[in-house]
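*Asks:* Predicted model follows, preceded by the sequence.
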Amino acid sequence: MSLDAVSAAELIAWYAEMGVTEALDETPHDHFAAAAEAAPARQAAARLVPPSQQAIGRAPATPLAPPDEAALSARALARDATTLDELKAALASFEGCPLKTTAKNLVFADGNPAGKVMFVGEAPGADEDRIGLPFVGRSGQLLDRMLAAIGLSRQEHVYIANLLPWRPPGNRTPTPQEVAICLPFIQRQIELVDPEILVCIGGPSAQGLLGVSGILASRGRWMEYDTGRRMIRAIATLHPAYLLRQPVQKRLAWRDLRAIKAALAAL
């Protein structure tokens, strides 16, 4: 079986988005033996570095608090933020989520905070983590085309964020603890933006914010999201990454987009 150049490029892009960053060649390699051989050289080099500079990776400035304490801290920081800039600064200083230690960048938001529609996805992917903006990879390009199909753009009409602002390693699904720790921040973000319509993109976002499970069963239904100040019309839809894998389901996403367009027209 052979791949043409376009298919091969798409496959490589998909691997990168899924977190596969190392290629394997046809010759087998014993990476464990190579690591053992390199260990003495690494130890010798480490002895030349002062102990204060021998941190590994991006270790947190302070030890991570237990999940319950981290969630309480997140709730207090989020509550004290009175603007989106203050909320972003609070997230940047927050050390309670272990995902921060493995991510390259904080991915806070993109688009127009004054827009009437707010989209909330699951978590950043590889491209988003590298650039620091949500939905900029292949999924983001599809989302932009979906928005354009109903006359919207992220620059003018919508505001986009994620349930989690840091990328889970390998694009894995966030754990319930990670969601619980980060949830106060996205809840405060929605409250500060105060959109007319909230769109949850994908199952984790719909479950975390709307309390519904099973995205295929819950998508397309109008619900309400309580900000604590007022109720916002909310709807769940399929994630563009899922649509790239299952193009036949784009018909369902198109129904959701038409429902959003009709709701905007009725405002």
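*Replies:* Everything's here; your move.

*Asks:* need the helices for the chain, in chain order.
*Replies:* 5-17, 31-47, 67-80, 84-93, 126-131, 138-149, 176-193, 203-210, 215-218, 240-245, 250-266 (DSSP state H).

*Asks:* among the ones you listed, which is the most enclosed?
*Replies:* helix 203-210 (a mean of 23; mean count of other Cβ atoms under 10 Å). Where C-beta positions appear, they are placed from N, C-alpha and C, glycine not excepted.

*Asks:* circling back: compare the helices of the chain and give me the one nearest residue 170.
*Replies:* Nearest of these to residue 170, taken as Cβ to Cβ: helix 126-131 at 9.2 Å.

*Asks:* re the thing from before, now the helices of the chain as a markdown table including mean pLDDT and distance to residue 162?
*Replies:* Below are those laid out as a markdown table (pLDDT from 0 to 100; distance: least, Cβ to Cβ, whole Å):
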| stretch | mean pLDDT | distance to residue 162 |
| --- | --- | --- |
| helix 5-17 | 58 | 15 |
| helix 31-47 | 52 | 33 |
| helix 67-80 | 94 | 15 |
| helix 84-93 | 98 | 11 |
| helix 126-131 | 96 | 8 |
| helix 138-149 | 96 | 11 |
| helix 176-193 | 97 | 7 |
| helix 203-210 | 96 | 8 |
| helix 215-218 | 96 | 16 |
| helix 240-245 | 97 | 12 |
| helix 250-266 | 97 | 18 |
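
*Asks:* could the ones you listed be laid out in TSV, adding distance to residue 227?
*Replies:* Shown next, in TSV, are the helices of the chain (distance: least, Cβ to Cβ, whole Å):
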stretch	distance to residue 227
helix 5-17	32
helix 31-47	50
helix 67-80	12
helix 84-93	14
helix 126-131	25
helix 138-149	23
helix 176-193	4
helix 203-210	11
helix 215-218	20
helix 240-245	26
helix 250-266	18
